[in-house]
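*Asks:* any chance you can model this:
(chains A and B)
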2 protein chains.
Amino acid sequence: MSPLSSSLLNPRLSFSLKPLFLFSQSSFAPRKFQIPRQFVSAKRKTFSALASEQSSATDNGGRSGGGGRSGALSPSPVVEEVQRIDVNPPKGTRDFPPEDMRLRTWLFNHFREVSRLFGFEEVDYPVLESEVLFIRKAGEEIRDQLYCFEDRGNRRVALRPELTPSLARLVIQKGKSLSLPLKWFAIGQCWRYERMTRGRRREHYQWNMDILGLPEVTAEAELISSIVAFFKRIGITESDVGFKVSSRKVLQEVLRCYSVPENLFGKVCIIIDKIEKIPIDEIKRELNATGLSEEAIEELLQVLSIKSLTKLEEILGGAGEAVAELKELFSLAEKFGYSEWIQFDASVVRGLAYYTGIVFEGFDRQGKLRAICGGGRYDRLLSTFGGDDVPACGFGFGDAVIVELLKEKGLLPELNLEVDNIVCALDYDLQGVAAEVATKLREKGQSVDLVLESKPLKWVFKRAARTNVQRLVLVGNTEWQKGMVGVKILSSGEQYEIKLDELE
Amino acid sequence: MSPLSSSLLNPRLSFSLKPLFLFSQSSFAPRKFQIPRQFVSAKRKTFSALASEQSSATDNGGRSGGGGRSGALSPSPVVEEVQRIDVNPPKGTRDFPPEDMRLRTWLFNHFREVSRLFGFEEVDYPVLESEVLFIRKAGEEIRDQLYCFEDRGNRRVALRPELTPSLARLVIQKGKSLSLPLKWFAIGQCWRYERMTRGRRREHYQWNMDILGLPEVTAEAELISSIVAFFKRIGITESDVGFKVSSRKVLQEVLRCYSVPENLFGKVCIIIDKIEKIPIDEIKRELNATGLSEEAIEELLQVLSIKSLTKLEEILGGAGEAVAELKELFSLAEKFGYSEWIQFDASVVRGLAYYTGIVFEGFDRQGKLRAICGGGRYDRLLSTFGGDDVPACGFGFGDAVIVELLKEKGLLPELNLEVDNIVCALDYDLQGVAAEVATKLREKGQSVDLVLESKPLKWVFKRAARTNVQRLVLVGNTEWQKGMVGVKILSSGEQYEIKLDELE
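*Replies:* Numbering: from 1, shown residues only, chains lettered A, B, ... in the order given. Here you go, the predicted structure:
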C-alpha cells in the first residue's frame, strides 16, 4: 500500500522547473513597495540551518504570544517592532509556488486520468485520523514514525501516514451499501515524523488504487496494469522501470514447515523487509528473537534469494497457493501486455504488516532510486479493526521518487503559465472599459490577465512574454470612440482593430 | 480572507446526492465475505453520540496499544480478539466517499476554471505550519480556535486555519524573484478546533484568490468580479446572493476623530465584527474596555448603521480615502457588469485583524445562511512577519455554505459515475482476452470497468446500470475464435459483433 517509508527516504527534491522569464518592474512602478535586498539571495537553507532558525522562530512566537489566548488588551502587532519569522515552511514540508504546483497538477492529472480509464472512483479521507487506526504491533517503520499528537481535547490523533487504514474504516462504516467489487482511488497527503535530519521530507502525496471484494489475482493484475499505463503516459518504459513481484504466501509456506505460529507472520515480514537496509547478522538476530530456529532462518533466507518462479516451484512444490497465484499473475501479465515489466523476486515482502498475498514493488532498473511504488493483497485488514474481512488489494504511489526518475531520464515536462489574452487600458480612465472587455472575453471561456494599473506598453509586453499570452488587447481612446479595440497576435505580430462585439 | 469562522458555524452538511442504484451481489457471490448485519443500519450518528463513541474508541486504542511503541514481541493483531474501532472519521471531519467526492471535484473544478479565466496561478502551502504564523493578538475567533499542538520535536505547530499567512510567508521568502502584481489562487483544507459540540465542522476547504502588488481598488473590483463569475457558472444569480461592501478606513476615520490610538484598530474591528452575534451592550462594554470613550462608541455605532454611500459621504466628508475608494469600486462594478450584486453596508468589517481597506462579504439574500465568502485588502500583513509590506487583497470562499445554498435553491448538480465500457469474459478462461480488450480500449482513451471475476450476465447488466456504462463488450468463446467480440450499446439496445481491431 504505502511506499511512504521508502519514498520519503530520498533527499528533499527541488521541483523547480526552468526559471520563468523574471523581470523587475521597479523602473515602472509608480509607488514604492520595495522588497529588501537581503531577500534576493534568500535561497533555500540547508536542513540544519533551517532547524536552528525554526527553533528560534518558535521561541519568538512563544515570547511575543506570552502564552495567553485571552484576547486581553495589548498593542496591535502592526505597530510593534517585529522580528522576521522563518520564511521557510516547517521542516520537512513544502510550499508549492506556481512552478511547483504546475508539476504537481500535471502529475495528479495523470493519476486521475489513469484511474478514470480503469473505471475507478475517487475518494478521500481526513488527513487527521485517530491514532488507533495506525497502531499495529509488528514494528513497522510507518508506525514508529507516526506523526501523532494529543489534540486540545486530549484525544490521540495522527496525521495519516498512509491511506489504506482510512479506506478500511470507511468500508466497514458503509457496510452493505457498497456494491462489490469496489474500485476506488485517492490522492492524499501523507505524513511521517522522524528525528533524523538528513533532508528527508515529512510529507508526500500518494496515489492509491484499491480493489475490494475480489479474491482473484485478476485484481493484482489489473492494478499493475494501471501503473504500467501511467508510466507509459509519462514516457517511462520497461527499460526504465520494472516490478518485482512475490507473495507473502511464499514466506508463510516456509514458516508453516517450521511450525512458526501464524501470529508471528507480520513481524517476520517486517524484519525481512529491512534486509537491504541493515546487516544480515542483525536480521538473523531479530528473526531469532521472534522465536525462529536457526534452521528455519537459513531456509527462509535461501528461499528469499530465489529469482525464478520455476526454481520456487521446485522448492515449494506445485500444490501451494503461492506458486499457483504467482503463475496466474504472470500469465495475466502477458494478456495485459506488460510481461516485460514484471519479474519474480522472492525477496520482496514490503514493509507493511497487513499484506497477506501477492506483493509488488516498482523499481528503477538503474538501481539508483528507492521503490517508486508498491502494493499487494491485504485480505485480513478489516478484521483487525473489528470488521468482517473483505478480500482486498491496492497500491501506493508517491509523488517524490517518480519526479526524481523523470528528472534522471530528462522527462520532466516543461510547464508554463499560459494565458489567452492580456487586456490593457492605455489610459487609467479607460480602466472600466478594459474591465468590460475582459469580462466579455472571460464569458466566452477565454482567460484574461487584466492589467489593473497604469503601465507603459513596454511593461505590458514583458508581462505578456512571461505569461505566454497569445493575444494583446489594447483599449485606447481613439479606437474606443469607434467602439473598437486594438489587437496584437503576439506569435505572428499581426495587428488590427476590431469591434468589441466581434472579438472572439 | 477567511470565511472559516463563519462557514464552519454551519451544522455539518450532508453532501450526499441521490443514492446510487444499490444492489446486493450476494446471490451471485461465489465466496463468502459477508458484511455483518449491524452495519446495514449504521447511519451517521448524531454529534453527541459520536463524541462518546469516539472517546471510548480512543480508550480501547490506548489499552490495546499498551502505550508502547517499542516493537517488542507481541502477538499479531490478526489473531487477537479485536474490538471494533470507531468507523466514523474524527469528530468534525469528513470522509469523501465517491458521491461526495464527485461534488467536491465539481466545486473545485469551477474554482479552478474561474481562476484560470482570470489569469491566476495555483499555489499551495503546508497544511501544517508553525503556530507563530497565526498568532495575532486582536482576539480573533480564528486565533482562539487554532488547531495547534506540540509535535514530537516539541515545536509549536498548527493545522492552518486560513491560507493568507502562508501566502505572506512565501511572498516574503520569494522576495524580488516574484514579478508583481502577482495573481495567485489556492484551494486548501483549513482547520479549527473548538470545544463546543453542536455539530460544527472542524475542517473545510477554502478557495482563495489574492492579488499582491496593486494598491489600486481595481484589484478588489477584479476579485469580486471573479466570485460573480463563479456564481453565474453554477446558476446562482444576483437575486440569490449579494455582496456587502465597506472599508476599514471608514472606522479608521471615525477613530481618528476621537484620537483613538492606531494600534487599537484591529482589536476594535474584531469586536465590531461580533455585532450580530452578541448583545449590543456586550459590544459596548468590550469597546469601552479597549479605552474608547462612550461618545466615540456611540458615533462608531451610528456610522456602522449607514447603508448608503451618499449618507456616508455626508457624514465623513468627501475628502477621505474611504469614500473615494468605495465610490471608485462601485463605478468599476458597473463596468465589470455586477452593479446589481453589490451594496454598501458600513457594518461589514470582517473578522480578521489584518484587513486595512475595502472589505466585502457574500451573503444569501434570504438571510438564512452565514457569509458565503469574504475578503478585503490587507496592505500591512507582511510587515507583521518582519517583511516589507506589499499592497495586497484577496478573498476566501469555503466549501460548506455554498453547498447549503445550492441545496436550498435546488441547484445541486446530479453527478454520477460514468464509465464508457464494461468488458466481461463469458468464461473465466477468457479473462486474459478480456484484459487484452480492456487494455486496447484504454489505450484509445476509453474508460473500462473490467469484470475481473466470473459473474452471470444479469450481474453485469446491473453493474453497468450502476456505473452508467454506455457499451457492454462481451468476450465469448464462439466470437473470439473468429477474433471478434460482442457489443451491446446500452442506451439503444443495439447489438453486434465486431473484430477487436475495429473496436474504437
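
*Asks:* counting neighbours, what do you get for A:Glu502?
*Replies:* Residues lying near A:Glu502 (other C-beta atoms under 10 Å in any protein chain shown) number 9. From N, CA and C alone the C-beta is placed, and that goes for glycine too.

*Asks:* same deal with A:Ser305?
*Replies:* 10.

*Asks:* next, give phi and psi for it.
*Replies:* phi -80, psi 0 (degrees, to the nearest 10).

*Asks:* could I get the contacting residues of it?
*Replies:* Applying C-beta atoms under 8 Å, 6 or more residues apart in numbering or on different chains, we find A:Ser305 in contact with A:346-347.

*Asks:* do that again at 10 Å, thanks
*Replies:* A:Ser305 makes contacts with A:311, A:345-347, as judged by C-beta atoms under 10 Å, 6 or more residues apart in numbering or on different chains.

*Asks:* A:Ser331 versus that one, what's the distance?
*Replies:* 24 Å (C-beta to C-beta, to the nearest Å).

*Asks:* list the contacts of the residue lying closest to A:Gln470 once chain neighbours are set aside.
*Replies:* Excluding its sequence neighbours, the residue lying closest to A:Gln470 (C-beta to C-beta, 6 or more residues apart in numbering or on different chains) is A:Asp420, at 5.6 Å. Residues in contact with A:Asp420 (C-beta under 10 Å, 6+ apart) are A:441-442, A:444-449, A:467-471, B:116-117, B:119.

*Asks:* excluding its backbone neighbours, what's nearest the residue in the stretch 251-400 of chain A positioned nearest to chain B?
*Replies:* Going by C-beta to the nearest C-beta, chain B is nearest to A:Gly386 of the stretch 251-400 of chain A, at 2.8 Å. Nearest non-adjacent residue to A:Gly386, counting by C-beta to C-beta, 6+ apart: B:Arg84, 2.8 Å away.

*Asks:* neighbours of that neighbour, how many?
*Replies:* With other C-beta under 10 Å as criterion, B:Arg84 counts 15.

*Asks:* helix, strand, or coil at it?
*Replies:* coil (DSSP: H, G, I helix; E, B strand; the rest coil).

*Asks:* circling back: pLDDT check: weakest of the contacts of A:Asp420?
*Replies:* Of all these, A:Thr467 has the smallest pLDDT value, namely 93.

*Asks:* nearest spatial neighbour of that residue, skipping sequence neighbours?
*Replies:* Spatial nearest neighbour of A:Thr467, excluding adjacent residues (C-beta to C-beta, 6+ apart): A:Val419 at 4.5 Å.

*Asks:* name the helix or strand for that neighbour, please.
*Replies:* In the assignment (DSSP states H and E), A:Val419 maps to no helix and no strand.

*Asks:* after the lowest-mean-pLDDT helix or strand in chain A, next one along is what?
*Replies:* Between all helices and strands in chain A, the lowest mean by mean pLDDT, DSSP states H and E belongs to helix A:47-65, at a mean of 32. Moving toward the C-terminus from helix A:47-65, the next helix or strand (DSSP H and E) is helix A:98-117.

*Asks:* buried sites along that following helix?
*Replies:* Using 16 or more other C-beta atoms under 10 Å in any protein chain shown as the test for burial, helix A:98-117 gives A:98-104, A:107, A:110-112, A:114-117.

*Asks:* and for stretch A:407-420?
*Replies:* Burial within stretch A:407-420, assessed by neighbour count using 16+ other C-beta under 10 Å, is assigned to A:409, A:412, A:415-417, A:419-420.

*Asks:* any chance of the residues you listed in TSV, plus secondary structure?
*Replies:* Output for the buried residues of stretch A:407-420, formatted as TSV (three-state DSSP):
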residue	secondary structure
A:Lys409	coil
A:Leu412	coil
A:Leu415	coil
A:Asn416	coil
A:Leu417	coil
A:Val419	coil
A:Asp420	coil
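
*Asks:* got CSV for the residues you listed, with pLDDT and distance to B:Cys190 too?
*Replies:* Shown next, in CSV, are these (pLDDT from 0 to 100; distance: C-beta to C-beta, whole Å):
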residue, pLDDT, distance to B:Cys190
A:Lys409, 97, 37
A:Leu412, 97, 31
A:Leu415, 97, 27
A:Asn416, 95, 30
A:Leu417, 94, 26
A:Val419, 97, 28
A:Asp420, 97, 31
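
*Asks:* so which of those residues is the closest to B:Glu361?
*Replies:* A:Val419 (29.1 Å; C-beta to C-beta).

*Asks:* what sits against the closest one?
*Replies:* By C-beta under 10 Å, 6+ apart, the residues touching A:Val419 are A:446-449, A:463-464, A:466-471, B:116-121, B:183.
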